[in-house]
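Undergrad: Mind folding the following:
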Amino acid sequence: MKFLGLEIKRINPFLAEKKGFLNATFGGAVGRTPVTETTAMGLSAYWAGVRRITESVAMLPVEVFKKANGKREMVSHPVEYLLNAEANFESISFDFTQILITSAINHGNGLAIIERDSFGTPTALTNVSREICEPLKYDDEIFWKVEIKLASNKTETLLVADRDIINLRGFGVDPVVGMSAIQIHKQNLGLSIAAQDYGADFYNKGTRIDGYIEYAGTLKPETKDAINQQWSANYGPNGTRGTAILDAGSKYHRIGMPPADAEFIATRKFQKNEIATILGIPSFMINEMDGSTYSNVEQMGIEFVTYGIGSWIEKIEQEYRRKLLKENEKRDFYFKHNVDRLLRTDVKTKGEYYRLMTDIGAYTINDVLELEDRNSIEGGDERYVQINRIPIDDIKTYYKKEDGEL
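TA: Below you'll find the predicted structure:
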């Protein structure tokens, strides 16, 4: 194909040409409801899992570090404000990150255009929907064809270089286009949607019989209709009476829960675990607490940070480093999410940890105060070790005294 007079080719045409993600059908429905992004997000377990991943990452501060002489130090950088406060004039950084990861999970790619000043410094990060972006390749360089709808309902087409667009790619084998979790797992999610539909029918009494009234002899159709109307009015879901009064020798027989309905409950539970597996998070994160205890929830929380969102954090940090830093900064500067906010534990365990870190000279008193969002104190930057709590710089002098050299 040609664009702006250039001979270009699509990357992964099957996914690149797919439009209308929100209402697109990702596959045949297991039940009556098709699998779309809207219906998938309508599953409480899938909604909770995506929300847990995206909000957990979005709440983490992104810090900028510089490597120098084998050490690293936190530095101030213009991009830091975009990542921790205001991504653009209409979006806070939290929402920007949440949208970016949600799109990467559901669509395979989370995309955002990078606006820069005349010096090449990023000044804004703006989310763009995957459905309006198509990756193209020209002369071994990647571009994104972005179709933006203007206020006048006209469409403006932009050709954005890959270096000017954040591309948070989901899982997949293509280096540019990721796989949509909804599309790849459409059958599994379709089963959950079908179970949800069945549950709605179950409680709306549209697909099962609660009980029946037995009469001796044969009733005329109009008599049956009259009895049905009266029974529903008095004892149905919106009835006004609580105790049934039967006459003419009639008997009411209540039907217990059929095996199929009991299996429905087990199916719903199983599908929650399946959705947790799809999203790569512990099942307790979507309120499936089987096997969870007070003693192991903390450990599972650590596993969530390490395995559930660790890969997303690593991808984001590498993509930020590749796209948001200038060429002369990429070797020495890098981004790091502060995951301490997700790993906070009880006061006793935290106190023991701080004591250990200060005893070995790894933390100063002011380091601990900073981690606790407290003001620093005078003299709190001195480092100590466990031996008599002396400054590290005085250790050699201390041992000389012990050996009688002084």
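Undergrad: okay, and for the stretch 151-300 of the chain, where does confidence drop off?
TA: Across the stretch 151-300 of the chain, the ranges flagged by pLDDT under 70 are 201-213, 215-217, 219-220, 231, 233-268, 288-298.
Undergrad: let me fix that: the stretch 1-150 of the chain
TA: Using pLDDT under 70, the stretch 1-150 of the chain drops low at 1-31.
Undergrad: need the helices for it, in chain order.
TA: 13-16, 37-41, 44-58, 78-84, 93-107 (DSSP state H, counting those that start in this stretch).
Undergrad: Can I get those in CSV including mean neighbour count?
TA: From N, CA and C alone the C-beta is placed, and that goes for glycine too. Below are these laid out as CSV (neighbours: other Cβ atoms under 10 Å):
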stretch, mean neighbour count
helix 13-16, 15
helix 37-41, 19
helix 44-58, 21
helix 78-84, 18
helix 93-107, 23
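Undergrad: okay, those helices in JSON lines with distance to residue 320 next?
TA: Shown next, in JSON lines, are the helices of the stretch 1-150 of the chain (distance: least, Cβ to Cβ, whole Å):
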{"stretch": "helix 13-16", "distance to residue 320": "24"}
{"stretch": "helix 37-41", "distance to residue 320": "26"}
{"stretch": "helix 44-58", "distance to residue 320": "12"}
{"stretch": "helix 78-84", "distance to residue 320": "7"}
{"stretch": "helix 93-107", "distance to residue 320": "11"}
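Undergrad: Which of those helices sits closest to residue 146?
TA: Nearest of these to residue 146, taken as Cβ to Cβ: helix 13-16 at 12.5 Å.
Undergrad: ok, back up a step: identify whichever of the helices of the stretch 1-150 of the chain lies nearest to residue 383.
TA: Closest to residue 383 of the helices of the stretch 1-150 of the chain is helix 78-84 (Cβ to Cβ; 27.0 Å).
Undergrad: now that closest one, how far from the centre of its chain.
TA: Relative to the centre of its chain, helix 78-84 is centred 21 Å away, using Cα atoms, centre = their mean, to the nearest Å.
Undergrad: same check, this time on stretch 314-325
TA: Centre-to-centre, stretch 314-325 and its host chain are 18 Å apart (Cα atoms, centre = their mean).
Undergrad: and if you look at stretch 90-102?
TA: Remark: stretch 90-102 is offset 11 Å from the chain centroid, using Cα atoms, centre = their mean.
Undergrad: Backbone torsions only: list them for residue 159.
TA: When read as degrees, to the nearest 10, the backbone of residue 159 gives phi -110, psi 110.
Undergrad: ok, what's across the strand from it?
TA: residue 145 (DSSP bridges).
Undergrad: was I right about it contacting residue 143?
TA: Yes - between residue 159 and residue 143 there is a contact at 5.2 Å, judged by Cβ atoms under 8 Å.
Undergrad: Identify the contacts common to these two.
TA: Counting by Cβ atoms under 8 Å, 6 or more residues apart in numbering, the common neighbours of residue 159 and residue 143 are residue 136.
Undergrad: Who has more neighbours out of these two?
TA: Neighbours around residue 159 and residue 143, counted as other Cβ atoms under 10 Å, are more numerous at residue 143. The numbers are 24 against 14.
Undergrad: Secondary structure class of the closest residue to residue 320 other than its chain neighbours, three-state.
TA: Leaving aside its chain neighbours, residue 320 sits nearest to residue 335 (4.7 Å; criterion: Cβ to Cβ, 6 or more residues apart in numbering). Secondary structure state of residue 335, per DSSP: H, G, I helix; E, B strand; the rest coil, is strand.
Undergrad: Is residue 335 in contact with residue 317, as I believe?
TA: Yes - counting by Cβ under 8 Å, residue 335 touches residue 317, with 4.7 Å between them.
Undergrad: higher neighbour count, these two?
TA: residue 335 (21 against 15).
Undergrad: so what pLDDT did that one get?
TA: Residue 335 carries a pLDDT score of 95 in this model.
Undergrad: Right, I'll call it a day here.
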